[in-house]
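Q: pasting the sequence and the predicted coordinates here, then a few questions.
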Amino acid sequence: MITLNINGKDMQVDADPSTPILWALRDNLNMTGTKFGCGAALCGACTVHLGGQPIRSCVTPISAAVGQKITTIEAMENDKVGKAVQAAWVKLDVPQCGYCQSGQIMSATALLRTNKAPSDADIDNAMSGNICRCGTYQRIRAAIKDAAKSIA
């Protein structure tokens, strides 16, 4: 058994230490908000925060998370910045199919925690690697700017 701190709670995971965080969340803990996209850290659908930083959970083993805090999309409604990002997503009707959006929101939240007034270049840099097959990038950028204004 491996103990992981997920969304502020210690949880026991019965898995090999090399198991990716994504599969521990989805298969062992039935937390399905974090999505599987590519399995190679290329699309960003699996983004969670580890120690406050966005990481790709499909390639990060649970052994790397022991003693650190994992935050998933399920906890964003209880976070001031995450809640602002989610509200902006709804307000500006960002999702089309929605599959990538949990990863997009996690990356946007991490950006706004460190940069309260990001430029377009800052947003592009922070969101690089988060792929939206529906092409909602302009709405994503607008929502990040809207969330930044609401938390300023």
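A: On my side now, so go ahead. Numbers count the residues shown, from 1 in each chain.
Q: which residues of the chain fall in helices?
A: 21-23, 80-91, 101-114, 120-127, 137-151 (DSSP state H).
Q: closest to residue 14 out of those?
A: Minimum separation from residue 14 across the helices of the chain (Cβ to Cβ) falls at helix 21-23, 12.2 Å. Glycine gets a C-beta too; all of them are placed from N, C-alpha and C.
Q: list the contacts of the closest one.
A: Helix 21-23 is contacted by residues 15, 34, 36, 46, 48, 50, 55, 57-58, 60-62, 64-65, 70 when judged by Cβ atoms under 8 Å, 6 or more residues apart in numbering.
Q: at 6 Å instead, please
A: 34, 46, 57-58, 60, 62, 65 (Cβ atoms under 6 Å, 6 or more residues apart in numbering).
Q: any idea which of those is closest to residue 26?
A: For those, the nearest to residue 26 is residue 34 (6.8 Å; Cβ to Cβ).
Q: what's around residue 109, how many residues?
A: 25 (other Cβ atoms under 10 Å).
Q: if you look at the contacts of helix 21-23, which of them are in strands?
A: Using DSSP state E, no member of those falls in strands.
Q: just the buried ones from the residues you listed, in ChimeraX syntax?
A: In ChimeraX, this line selects whichever of those come out buried by 16 or more other Cβ atoms under 10 Å:
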select :34,46,57,58,60,62,65
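Q: so who does the residue most central in space within the chain touch?
A: By Cα atoms, centre = their mean, the chain has its centre lying nearest to residue 106, at 2.6 Å. Residue 106 makes contact with 47, 54, according to Cβ under 6 Å, 6+ apart.
Q: and it, how far from residue 122?
A: The gap separating residue 106 from residue 122 is 17 Å, by Cβ to Cβ, to the nearest Å.
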